[in-house]
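A.B. asks: Okay, sequence plus prediction incoming.
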Amino acid sequence: MKLTDGQNICQMIEELKEEFANWSEIRENGTSDPFWPDGVNINLVRNHILFRKGEIERLSEGQLFPPDDPILNQPVPPEMPDEWMAKPRSLLRYRA
């Protein structure tokens with residue numbers, strides 16, 4: 001069964017909400033990824049937000065759908081330096 005554009009948009013809005021929540025979680029608490037700094041991971045989530053917003057706009061032909069959904073009007077989070085860490089002081093205490 002193929003989803004209609006309206007169903008795709010609703011699904012993407014839900015995914016967009018999850019991405020914003022994920023970005024906030026990383027901003028507040030960082031990640032547990034031992035191979036990449038938090039900045040790389042938070043920028044990846046930011047790119048997901050940009051992609052989803054673009055797809056929603058494309059599918060709705062430039063009109064916000066639904067127009068009263070605050071998540072669609074929420075600004076894209078700022079790009080962070082790749083080496084950014086959410087809690088660098090706690091890392092220093094952990095390593096000491």
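C.D. replies: Alright, I've got the coordinates. Since the model is a prediction, treat every value here as computed from it, not as a measurement. Residues are numbered from 1 along each chain as shown.
A.B. asks: Lowest-scoring secondary structure element of the chain by mean pLDDT?
C.D. replies: Within the chain, confidence by mean pLDDT, DSSP states H and E is lowest for helix 88-95 among all helices and strands, at a mean of 52.
A.B. asks: I figured I71 hits E15, correct?
C.D. replies: No - using CB atoms under 8 Å, I71 is not in contact with E15, being 10.3 Å away. Backbone N, C-alpha and C define where each C-beta goes, glycine included.
A.B. asks: What's the biggest helix in the protein, counting residues?
C.D. replies: When the chain is parsed with DSSP state H, its longest helix is helix 5-29.
A.B. asks: What are the buried residues along that one?
C.D. replies: Buried residues in helix 5-29, counted by 16 or more other CB atoms under 10 Å: I9, C10, M12, I13, E15, L16, E19, F20, N22, W23, I26, R27.
A.B. asks: Can you tell me the closest non-neighbouring residue to the fifth one?
C.D. replies: This points to E15. Distances taken as CB to CB, 6 or more residues apart in numbering place R52 nearest to E15, at 5.9 Å, with adjacent residues excluded.
A.B. asks: give me the element the one you found is part of.
C.D. replies: With secondary structure defined by DSSP states H and E, R52 is part of helix 38-59.
A.B. asks: Does E61 belong to a helix, a strand or coil?
C.D. replies: coil (DSSP: H, G, I helix; E, B strand; the rest coil).
A.B. asks: Kindly tell me how buried it is, as a neighbour count.
C.D. replies: Residue crowding around E61 was assessed by other CB atoms under 10 Å; the count is 8.
A.B. asks: re the thing from before, so can I have TSV of the buried residues of helix 5-29 showing pLDDT?
C.D. replies: TSV is the format used below for the buried residues of helix 5-29 (pLDDT from 0 to 100):
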residue	pLDDT
I9	84
C10	85
M12	90
I13	90
E15	95
L16	96
E19	97
F20	98
N22	97
W23	98
I26	96
R27	96
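A.B. asks: Tell me which residues touch the residue positioned nearest the centre of the chain, please.
C.D. replies: In the chain, the centroid-proximal residue (CA atoms, centre = their mean) is E19; its distance is 3.5 Å. When contacts are counted by CB atoms under 8 Å, 6 or more residues apart in numbering, E19 touches V45, H48, I49, R52.
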